[in-house]
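Q: Pasting a predicted model and its sequence here:
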Amino acid sequence: MLYIPPELWSNIYMFTIVVDKKRSELLSDIRKGPKKIKIESLYKDIFKSEGPLEYWNWLHNDICSWINEYKPSYFVVTDKMKSFYLREFGLNVRSEDDVQCLVETSYDGIRYSGKFMWNKYVHHLKKDEFDDFYYLATTHLTM
């Protein structure tokens with residue numbers, strides 16, 4: 001169980017009253033925090049030779065790969081990925097072309113960074129999904 005000091009919790013609790021509808025999402029993001037930081041730190045150490053920010057692109061790539069069950073989304077989109085996009089973004093992915101377009105740009109034509117996309121995907125993962133990705137990432141990266 002994650003321990004949060006009372007003085008910090010009182011600040012968080014006051015904030016959650018203001019955004020009551022988003023309370024469960026906020027608390028979920030807070031609970032994911034320590035594991036998310038550990039994954040980011042591992043990637044930063046492993047990919048530091050590729051440039052100071054390149055690890056964000058690897059994080060984004062790996063979480064997308066995990067969501068698609070390690071199949072190349074350029075050729076096949078699994079039911080897991082289709083249901084994730086439908087559940088979290090309301091997007092009906094019918095083909096590989098739909099995924100490539102989503103990964104590269106948004107509907108408004110803006111190209112997003114790996115950091116933005118990594119955070120977006122983590123935010124939308126359910127607890128058990130995030131825990132599964134965390135386990136796989138930390139197991140494989142620390143071997």
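A: Good, I have the coordinates.
Q: what about the longest helix anywhere in the chain, average pLDDT?
A: As assigned by DSSP state H, the longest helix anywhere in the chain is helix 23-46. Taken as a whole, helix 23-46 has an average pLDDT of 84.
Q: so after it, what's the next helix or strand?
A: Toward the C-terminal end, the helix or strand that comes next after helix 23-46 (DSSP states H and E) is helix 54-67.
Q: where's that following helix relative to the chain centroid, distance-wise?
A: 9 Å (C-alpha atoms, centre = their mean, to the nearest Å).
Q: Would you mind writing the CA trace of that helix as PDB?
A: Output of helix 54-67 as PDB, limited to C-alpha atoms (Å, rounded to 0.1, in the frame of the first residue of the first chain):
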ATOM      1  CA  GLU A  54      15.000   9.800 -27.000                       C
ATOM      2  CA  TYR A  55      13.900   7.500 -24.200                       C
ATOM      3  CA  TRP A  56      10.400   9.000 -24.300                       C
ATOM      4  CA  ASN A  57      10.000   7.700 -27.900                       C
ATOM      5  CA  TRP A  58      11.100   4.300 -26.700                       C
ATOM      6  CA  LEU A  59       8.500   4.400 -23.900                       C
ATOM      7  CA  HIS A  60       5.800   5.400 -26.300                       C
ATOM      8  CA  ASN A  61       6.900   2.700 -28.800                       C
ATOM      9  CA  ASP A  62       7.100   0.000 -26.200                       C
ATOM     10  CA  ILE A  63       3.700   0.700 -24.600                       C
ATOM     11  CA  CYS A  64       2.100   0.700 -28.000                       C
ATOM     12  CA  SER A  65       3.800  -2.600 -28.800                       C
ATOM     13  CA  TRP A  66       2.600  -4.000 -25.500                       C
ATOM     14  CA  ILE A  67      -1.000  -2.900 -26.200                       C
END
